[in-house]
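1. sequence first, predicted model second:
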Protein chains: 2
Amino acid sequence: MTDTIQSAIDYMQETRDRMMEDYKALLRFPSISADPAYADDVCACADWIVSQLAAMGFENCEAIATEGLPVVYGEWLKAGADKPTILVYAHYDVQPVDPLPLWNSEPFEAVIRDGKIFARGASDNKAGVWGNLKTFEALLRANGTLPVNIKIMFEGEEESGSPSIEAFVEANKERLRADVLLNCDGDFAPADPKLYYGGRGMVTAQVRVSGPAADIHSGLYGGLVQNPLHVAGAIIGSFHDAAGRIQLPGYYDDVMEAAPAEKDRIEAGFQADSLLEGAGVDCFWGESIAPASERATVYPTLDIVGMWGGYQGPGIKTIIPAEAGFKITMRLAPDQDPRAISRTLKDYVESFATDTVQVECKIGENAWYFQLETEGPWLEAVQSAIEETVGLRAQLVRTGGSIPILGVFNRLIGLPITAFAFGHGEGIHSPNEYLEIDTFFTSLEAAARLYHNLGEVAG
Amino acid sequence: MTDTIQSAIDYMQETRDRMMEDYKALLRFPSISADPAYADDVCACADWIVSQLAAMGFENCEAIATEGLPVVYGEWLKAGADKPTILVYAHYDVQPVDPLPLWNSEPFEAVIRDGKIFARGASDNKAGVWGNLKTFEALLRANGTLPVNIKIMFEGEEESGSPSIEAFVEANKERLRADVLLNCDGDFAPADPKLYYGGRGMVTAQVRVSGPAADIHSGLYGGLVQNPLHVAGAIIGSFHDAAGRIQLPGYYDDVMEAAPAEKDRIEAGFQADSLLEGAGVDCFWGESIAPASERATVYPTLDIVGMWGGYQGPGIKTIIPAEAGFKITMRLAPDQDPRAISRTLKDYVESFATDTVQVECKIGENAWYFQLETEGPWLEAVQSAIEETVGLRAQLVRTGGSIPILGVFNRLIGLPITAFAFGHGEGIHSPNEYLEIDTFFTSLEAAARLYHNLGEVAG
């Protein structure tokens, strides 16, 4: 079997230049999911990937229509019933490119310089699509077969909030049945490999607070007409007590204390100094609630991410403004139900309405926390592959951020999930996104070992 | 004496067309005080008025330099020691003209159409300057003398907050000595004459609340780093209790209950229905503090006139923003010291600072309440002149607004103050400002009677 891996790796190295040239074809599709003007390009990109899968011998390849943009599906199930089936996730859609003037080359031209390939999506996450395709190609060329059964699910809406994925998964549960889900959306840094094994849920909301029909004169109306900015301030100011504890009713009811092993993992991955430096503050806030490492990862938060109202220009304008608004992001602890929390938030915020000031809270995104394997054979397959390739095991890191799609899979598919990413890049969601070609090829080697290792797990 | 008035009125009517043509010369000066680019134009306008006064026989005419833009001074003191001396206030500077595209004719061209003269400043307040000049000219032509002694004080910085007037008055107390101050900044509507006899003081401030060195990720830092928008909201939300009572320490200490006669006057001038309609609300707010009429006029207020922070665009941005800000306007009751209140405000707001969130409160404007005569011979001279001219006496109205310059005069000069305005106009501080020519000439007639009446008051 080791010979098979080496043959695949040899093939990867031999075809390296052509592989990167061919990658440009995928990168040239401006598959921007957030902008409806690019819908045809997203679909064309899906069709192209389908054709690539089919050409490699995958079966039932299809760009499956959803309520939004298509999911690329394809399967290779010839490894045998005793081999596990791996559901491989990545996404082929990309972020918008604004601000375009800051790019040093056209975002969809895909230019190679200094050992990097520059393009929107080069790292996030067409590398996950291309990395898998090229690993399978190498394994098939070297051995005529794959060590595991594979089902491909490449999403086309990840960068626009995955609005259709839940309905898609519900409708395709049978088709997506597998032994483990491998998330290939991420970053692989050979010198410091990390694996984000858990993260928080999320609720976002926007609040509108409106009073007088128009801005009115503060001399004429001051003392007579309630100012919606005061109500907005009262809401914002009421969310936390002095210690930083969130005041929404029952907000901590489902917050469970982490298990000792989990606390240790969290603490081990927590870098207080670099966080303090990154924020430019001298100390953290909210110490009485829980240790900083846990507040940043397994405790819920509520942040006003923007607010506005009235006159913002130079000098003064003597008005009672007609309205104010603000945006909220909440990060949810494991087991906090984002829909229940959303209702609590909306009820709480709207309870501030008065006879003359209206308050409307619109819920935006809604995501469950996510949880990947922290032990067991699936994770071990990943760790061994990385260790065999770069001599290090990935550090298991709990993030305070959110990966909504993984929360959906946790709840809807109920499979164990592990993760592996292709290559290191920078400029994700920013100008001049790139993928390092060397680290991409390192990850291809590791992927060949990974699929081999997965084949050794009892199916 | 009545013959003298009629001769002056006849002269006004005979020279009506020329008088309006000549007014254009004054209106053509773009005497915008708020924009330093127009400083030379403001000075040229002052010099031109000085030359007009001198040509009419006024003495010691001068554009007196201040720390900012000049005050036009001139005196005519030949009425005799037994006649009172009237200090006449108006301002010759004007508001900026933006937005220029909304003007139907050039703002400084001064175009007459439909019985109106259109120009920036045509009503506010070059009408006060020109109305006085033409009244004095008519009285002098008809009679060779004026019925009172006159001192002219035409300000050049009213529209930019009168930054130099306090120092000017302090430095020129002797020169400005008089029996009564006549404020000619205002509007005269013959069908519904009003006289604003009192108004509130004012304090404005801007607050900056800053936390992390830059916007930081709410997933990474949520729960760890204090969000400056929460602190801003806490400050804004803390200013009032649920009943609308302002929570600044001692804020109501100097708020005195109005005298019964004053309460009656306030109530008589209070139009609840039109205020409710103007604000587009169903009811007022703060009823438990005092009756609505008094809350709008003699009780202090605190309004946030603008606030901002973080991301205000469409969708969401998952950040803890680096900073927030807001602007405050307070209207002060009679006897509330704006400087003491400013200190209280600054101390209160800045007390919300924490280990990691800085709060800075910068005080802007600072104005005392003002109080004009509500009875007595000076006011009666105004009322009789109006009644003799249009058959109505001016309604005495207390405003909740502020006229900072009058508060300065109340405290620094200590003269009785009354008011009279020239003509009715619209578009003050807006595009297409105009003065109605008919109502301007009605007010000129009334002014001839006013100065005659003032001459009858024992000096």
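-> Thanks, I have it.
2. for the spatially most central residue of chain A, give me its contacts.
-> Geometric centre of chain A, nearest residue: A:I403, 3.8 Å, by CA atoms, centre = their mean. Contacts for A:I403 (CB atoms under 8 Å, 6 or more residues apart in numbering or on different chains) come out as A:N183, A:D185, A:Y196, A:G199, A:F370. Heads up, the C-betas are built off the backbone N, CA and C, glycines and all.
3. once you drop chain neighbours, what's closest to the last one?
-> When the adjacent residues along the chain are set aside, A:F370 lies closest to A:L406, with 3.5 Å between them (CB to CB, 6 or more residues apart in numbering or on different chains).
4. from B:Q383, how far out is the residue nearest to the centre of chain A?
-> For A:I403, the distance to B:Q383 equals 77 Å [CB to CB, to the nearest Å].
5. in JSON lines: the contacts of A:I403, plus neighbour count, distance to A:R265 and secondary structure.
-> Formatted as JSON lines, the contacts of A:I403 follow (neighbours: other CB atoms under 10 Å in any protein chain shown; distance: CB to CB, whole Å; DSSP: H, G, I helix; E, B strand; the rest coil):
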{"residue": "A:N183", "neighbour count": "24", "distance to A:R265": "19", "secondary structure": "strand"}
{"residue": "A:D185", "neighbour count": "20", "distance to A:R265": "22", "secondary structure": "coil"}
{"residue": "A:Y196", "neighbour count": "22", "distance to A:R265": "12", "secondary structure": "strand"}
{"residue": "A:G199", "neighbour count": "28", "distance to A:R265": "13", "secondary structure": "strand"}
{"residue": "A:F370", "neighbour count": "26", "distance to A:R265": "15", "secondary structure": "strand"}
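6. could you find which two of the residues you listed are furthest from each other?
-> Within those, A:D185 and A:G199 form the most distant pair, 12.5 Å apart (CB to CB).
7. skipping its backbone neighbours, what lies nearest the closest residue to chain B within the stretch 351-459 of chain A in space?
-> Closest residue of the stretch 351-459 of chain A to chain B, CB to the nearest CB: A:G401 (2.9 Å). If you skip the residues right next to it in sequence, A:G401 has B:G219 as its closest partner in space, 2.9 Å away by CB to CB, 6+ apart.
8. is that neighbour within a helix or a strand, and which one?
-> Under the criterion of DSSP states H and E, B:G219 resides in helix B:218-221.
9. residues contacting that helix, please?
-> A:199-200, A:275, A:278-279, A:296, A:301, A:303, A:305, A:329, A:331, A:399-402, B:212, B:318-320.
10. give me the subset of those lying in helices.
-> Using DSSP state H, the members of the contacts of helix B:218-221 that fall within helices are A:L275, A:G278, A:A279.
11. from those residues, which is closest to chain B?
-> The closest of these, once distances to chain B are taken by CB to the nearest CB, is A:A279, at 4.4 Å.
12. ok, the spatially closest residue to that closest one that is not a sequence neighbour - contacts?
-> Using CB to CB, 6+ apart and skipping the chain neighbours, the partner closest in space to A:A279 is B:P212 (4.4 Å). B:P212 makes contact with A:A279, A:G280, A:V281, B:Y221, B:V225, B:P228, B:I320, B:A322 under the criterion CB under 8 Å, 6+ apart.
13. roughly how far does the nearest residue to the second one once chain neighbours are set aside sit from B:G310?
-> If I follow you right, that is A:G280. Nearest non-adjacent residue to A:G280, counting by CB to CB, 6+ apart: B:A213, 2.5 Å away. The gap separating B:A213 from B:G310 is 15 Å, by CB to CB.
14. A:E59 now?
-> Distance from A:E59 to B:G310, by CB to CB: 50 Å.
15. the more surrounded of these two?
-> Comparing A:E59 with B:G310 by other CB atoms under 10 Å in any protein chain shown, the one with more neighbours is B:G310, at 23 against 11.
16. read off the pLDDT value for the most far-flung residue of chain A relative to its centre.
-> Taking CA atoms, centre = their mean, the residue of chain A most remote from its mean C-alpha position is A:L220, at 51.0 Å. For A:L220, the pLDDT comes out at 88.
17. I'd like to know how far it sits from A:S210.
-> 19 Å.
18. for chain B, what are the nearby residues on the stretch 51-200 of chain A?
-> Within reach of chain B by CB under 8 Å from any CB of the partner chain, the stretch 51-200 of chain A has these residues: A:G199, A:R200.
19. show me where the stretch 51-200 of chain A has strands.
-> Using DSSP state E, counting those that start in this stretch, the strands of the stretch 51-200 of chain A run over A:59-64, A:71-76, A:85-91, A:111-113, A:116-118, A:149-155, A:180-183, A:194-199.
20. contacts for the first one?
-> By CB under 8 Å, 6+ apart, the list of residues contacting strand A:59-64 from outside reads A:43, A:46-47, A:49-51, A:53-54, A:70-77, A:168, A:172.
21. can you say which of the contacts of helix B:218-221 are buried?
-> Neighbour counting with 16 or more other CB atoms under 10 Å in any protein chain shown marks A:199-200, A:275, A:278-279, A:296, A:301, A:303, A:305, A:329, A:331, A:399-402, B:212, B:318-320 as buried within the contacts of helix B:218-221.
22. which of those residues fall within strands?
-> Members of the buried ones among the contacts of helix B:218-221 lying in strands (criterion: DSSP state E): A:G199, A:T301, A:D303, A:V305, A:T329, A:R331, B:I319, B:I320.
23. pLDDT and distance to A:H452 for the residues you listed - can I get that in TSV?
-> Below are these laid out as TSV (pLDDT from 0 to 100; distance: CB to CB, whole Å):
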residue	pLDDT	distance to A:H452
A:G199	95	29
A:T301	96	41
A:D303	96	44
A:V305	95	44
A:T329	95	41
A:R331	95	37
B:I319	90	42
B:I320	94	44
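24. the closest residue to A:N143 other than its chain neighbours sits in which helix or strand?
-> Excluding the flanking residues, the one nearest A:N143 by CB to CB, 6+ apart is A:T4, at 4.6 Å. Per DSSP H and E: A:T4 is located in helix A:2-14.
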